[in-house]
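*Asks:* Everything below, folded, please.
(2 chains)
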Amino acid sequence: MFKKILVANRGEIAVRILRACREMGIASVAVYSEADRRALHTRLADEAVFIGTAPADQSYLSIERILQAARQTGAEAVHPGYGFLSENAGFARAVKQAGLVFIGPPAEAIEAMGDKGAARQRMQSSGVPVVPGYQGPDDDATLVRKAAQIGFPLLVKAAAGGGGKGMRVVNEAGELEEAIAGARREAHHAFGDQRMILERYIPRARHIEMQVLADAHGNVLHLFERECSVQRRHQKIIEESPSPFIDEELRRRIAGSALLAARAVGYQNAGTVEFIVDPECREYYFLEMNTRLQVEHPVTELVAGLDLVQWQIRIAAGERLPFTQAELSQRGHAIECRLYAEDPANNFLPATGPLLRFVEPQGPGVRVDAGYTSGDAVTIHYDPLIAKVIAWSGDRPGAIAKMLAALRETVLLGLTHNGQFLQDVLGDPDFQAGQVWTTWVEDKFGDWQPPQCELPPEVLAAGALLRLQGQADASNAEPSGADPYSPWRNASSFRVGKGGV
Amino acid sequence: MRDRFQSRDRIYEVSLERQGEAYRAVVDGQAFDLELIDSQAGVLTVRFNGRPAIIYYAPDGSSLWLSQGGCTYRMDKPSQRRNPSTGEAGGGQAVHSPMPAQVRAVQVGEGDVVEKGDTLLLLEAMKMEIRVKSPAAGRVKRLLVSNGQAVERDQILAEIGD
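*Replies:* Below is the predicted model:
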């Protein structure tokens, strides 16, 4: 086993990986940018190395600086997390060339799945069903001609893409050229690659993905599905396992295709094969394979009873998977909600600001994977994900009820976030009946506004009490940089308990 | 003590009166008993008409964030807040940034004639591209930002005039 691992990421996923290292008795190294000097992940690691300024290409995307940090600290392996360099085959190769172990799949597997067009072709020839579409020479004229053959609505999608970046739904021929231009621009910016593919757009499609785990000894297993149909702007917000939609037979077929896909590219380590399922005919199609750990991996961990990050590390160290497919099962039901710093009433635009106060929910069956604590700030530089709340219970209604209770207990003060929105989605009868699809959030909650609830009298009274005690105004605080929760701030005549003011 | 709070467009009147160990709170004319059970940094535990309530708070400039029972509230001192989306500036119609971001591409120049809905510029934040569209047909009277510039939420980016 490795003695020291470098985590080439930030936020909640860096924290998650650092915790796994700690549990396994492996020393850990965090890297951080200027914007993350006091970030949680830097405080949890055994060592933390400064790697550059806030823009990601100067820090978390700099292969050179990350490898330099690994050399300097004597790390033996690098965990890329998700996002940033996690699906960069060049990075995987550079790590290997530096004599270190990349905790993830072989560079060739990343490459094979990284190009959406080539992956489609490869899957097709391996017998994995793909959405009818086009990949190949992608000059605008060819795309326009091919689009007419596929028919509308269709998807214009970055060949190098992922996470909904560089992707457009085109409803009619007249919108096509602007959509291609916009998708190319976004893709160029996000991936440095503006090649496009086309796919038929399946209305009311469900997003169902299979977690796979493969060791270096030829064992390829699946850890069942996650359903991630609750999305906004192609970004998932609520994920769960098992899916409320598929039955045992469909699960077996999709899992079979997922294993086929993984084997076709010589996959090793943890990965996810994404499918879209047409609810009308119950056919499923390969969408893409994410050659890394997913944001929503905790729901699988809770239902399958395995620690995916620990297994990623063990597989990278050459260990053999000690269980067989028949020994794995889904137990109970898990749901994950992503708490984002964003404004659901304003097109889900990201919000920034200080996390003046963040109180995580607790209790049996509630897990929180957070990258921030009170006093941190969400900046414009990185993803607006603050934390993931995951709830597990014996069945789906129980998991939903637990999640709602957990969200009601969550306190997030100082910036606009989607906590109330998530509660409204979970409380929706369609969601509770499992009747959702990938554009369901836009279709049903497109004009969502926070409930115009009156301020409850107890909150108003508490506000008045705080003002009376001089604690309601930040200008009463010490000069900038002071901790607003410092006990010294409250050095008035006010005393804890029932004492007088 | 009497106090006034504003939340969204509503103004609330609250008065607190000391009564022995507790308070009598009058909120918009209705009276409640308020007892402070515990106070930690950022958290008050009170008994409100006999019922316990835990209220988290954080001051933020002159406003106060409060959270109770899964809802987040922001209370301000009553004032006439400007509404940025309808703000008129320099005789033209101001176009504001919807969020803190970086200007990725300015697609028009001063003096250009634009239609309502035309893309004026592209912003980027958190790996996302945001199109800023013209709110009206007219001429770009002023362009206040350039490529690569960082902008704040509600910052005026351009003005569209006749």
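*Asks:* how about the strand or helix carrying B:Asp33, does it reach chain A?
*Replies:* Assigned by DSSP states H and E, B:Asp33 falls within strand B:30-40. Yes. Using Cβ under 8 Å from any Cβ of the partner chain, strand B:30-40 reaches chain A at B:30, B:32, B:34-40. To be clear about C-beta, it is placed using only N, CA and C from the backbone, and glycine gets the same treatment.
*Asks:* what's the residue lying closest to B:Thr119 once chain neighbours are set aside sitting at in phi/psi?
*Replies:* Leaving out its chain neighbours, the residue that sits closest to B:Thr119 by Cβ to Cβ, 6 or more residues apart in numbering or on different chains is B:Arg131, at 4.9 Å. Main-chain torsions, B:Arg131, degrees, to the nearest 10: phi -90, psi 130.
*Asks:* Who is B:Arg131 paired with across the strands?
*Replies:* Counting by DSSP bridges, B:Arg131 is bridged to B:Leu122.
*Asks:* quick one on the thing from earlier: can I have the buried ones of the residues of strand B:30-40 next to chain A as a ChimeraX selection?
*Replies:* Filtering these down to the buried ones (16 or more other Cβ atoms under 10 Å in any protein chain shown) takes a single ChimeraX command:
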select /B:32,34,35,36,39
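*Asks:* Can you add pLDDT and give the residues of strand B:30-40 next to chain A back as a markdown table?
*Replies:* Formatted as a markdown table, these follow (pLDDT from 0 to 100):
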| residue | pLDDT |
| --- | --- |
| B:Gln30 | 93 |
| B:Phe32 | 95 |
| B:Leu34 | 95 |
| B:Glu35 | 94 |
| B:Leu36 | 93 |
| B:Ile37 | 93 |
| B:Asp38 | 92 |
| B:Ser39 | 89 |
| B:Gln40 | 89 |
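*Asks:* Now distance to B:Val114 too, for the residues of strand B:30-40 next to chain A, in CSV please.
*Replies:* Below are the residues of strand B:30-40 next to chain A laid out as CSV (distance: Cβ to Cβ, whole Å):
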residue, distance to B:Val114
B:Gln30, 52
B:Phe32, 55
B:Leu34, 56
B:Glu35, 60
B:Leu36, 58
B:Ile37, 60
B:Asp38, 58
B:Ser39, 55
B:Gln40, 54
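*Asks:* what's the domain layout of the chain?
*Replies:* I'll assume chain A. Domain assignment for chain A, taken from automatic domain parsing, gives A:4-103, A:132-200, A:206-445.
*Asks:* Can you look at chain B instead?
*Replies:* B:2-75, B:86-161.
*Asks:* what about the longest one, distance to the chain center?
*Replies:* In this view, domain B:86-161 has its centroid 20 Å away from the chain centroid, taken as Cα atoms, centre = their mean, to the nearest Å.
*Asks:* Excluding sequence neighbours, find me the nearest residue to A:Ser28.
*Replies:* Here the residue nearest A:Ser28, using Cβ to Cβ, 6+ apart, is A:Cys21, at 4.1 Å.
*Asks:* Please spell out the segments of the chain that come in under the pLDDT threshold.
*Replies:* Looking at chain A here, since you left the chain open. A:162-163, A:452-453, A:473-501 (pLDDT under 70).
*Asks:* Sorry, I should have been clearer: chain B.
*Replies:* B:79-91, B:127.
*Asks:* same thing but 50
*Replies:* Low-confidence segments of chain B (pLDDT under 50): B:81-89.
*Asks:* can you name the farthest residue from the center of it?
*Replies:* B:Gly20 (38.0 Å; Cα atoms, centre = their mean).
*Asks:* Pull the contacting residues for that residue.
*Replies:* Under the criterion of Cβ atoms under 8 Å, 6 or more residues apart in numbering or on different chains, B:Gly20 has no neighbours.
*Asks:* ok, now A:Tyr284?
*Replies:* A:Tyr284 neighbours (Cβ under 8 Å, 6+ apart): A:129, A:208, A:250, A:253-254, A:257, A:275-278.
*Asks:* Mind checking which of these land in strands?
*Replies:* A:208, A:275-278 (DSSP state E).
*Asks:* helix/strand/coil for the residue with the shortest distance to the centre of chain A?
*Replies:* The centroid of chain A falls nearest to A:Val295 when counting by Cα atoms, centre = their mean (2.9 Å). Following DSSP: H, G, I helix; E, B strand; the rest coil, the label given to A:Val295 is coil.
*Asks:* any idea how far chain B is from A:Gly363?
*Replies:* 14 Å (Cβ to the nearest Cβ, to the nearest Å).
*Asks:* ok, and the closest non-adjacent residue to that residue?
*Replies:* Using Cβ to Cβ, 6+ apart, the closest residue to A:Gly363 is A:Ala406 (7.1 Å).
*Asks:* And the helix or strand harbouring that neighbour, what does it pack against?
*Replies:* Taking DSSP H and E as the definition, one finds A:Ala406 inside helix A:396-409. The contact analysis (3 or more Cβ pairs under 8 Å, 6 or more residues apart in numbering or on different chains; DSSP states H and E) places helix A:396-409 against strand A:333-340, strand A:385-393, helix A:419-426, helix A:429-432.
*Asks:* ok, 6 Å please
*Replies:* strand A:333-340, strand A:385-393, helix A:419-426 (3 or more Cβ pairs under 6 Å, 6 or more residues apart in numbering or on different chains; DSSP states H and E).
*Asks:* roughly how far apart are the residue nearest to A:Ser28 and A:Asp215?
*Replies:* 20 Å (Cβ to Cβ, to the nearest Å).
*Asks:* between the two, which one's more packed in?
*Replies:* Neighbours of A:Cys21 and A:Asp215, each counted by other Cβ atoms under 10 Å in any protein chain shown, are more numerous for A:Cys21; the result is 25 against 19.
*Asks:* Using just helix, strand and coil, how would you label the more buried one?
*Replies:* helix.
*Asks:* what's the distance between it and chain B?
*Replies:* 27 Å.
*Asks:* A:Leu385 too?
*Replies:* For A:Leu385 relative to chain B (Cβ to the nearest Cβ), the value is 10 Å.
*Asks:* circling back: packing partners of the strand holding B:Asp33?
*Replies:* Judged by 3+ Cβ pairs under 6 Å, 6+ apart, strand B:30-40 is in contact with strand B:22-27, strand B:43-48.
*Asks:* Work out the gap between it and the centre of the chain.
*Replies:* 28 Å.
*Asks:* again, but for stretch A:107-126
*Replies:* 22 Å.
*Asks:* Regarding it, how distant is the last residue from the first?
*Replies:* One end of stretch A:107-126 sits 20 Å from the other (Cα to Cα, to the nearest Å).
*Asks:* how about it: buried residues?
*Replies:* Result for stretch A:107-126 [16+ other Cβ under 10 Å]: buried residues A:107, A:109-117, A:119-120, A:122-123.
*Asks:* Would you check which pair of these lies furthest apart?
*Replies:* A:Ala107 and A:Arg120 (20.1 Å; Cβ to Cβ).
*Asks:* wait, A:Leu44 sits on A:Leu18?
*Replies:* Yes. Using Cβ atoms under 6 Å, A:Leu44 is in contact with A:Leu18, at 4.7 Å.
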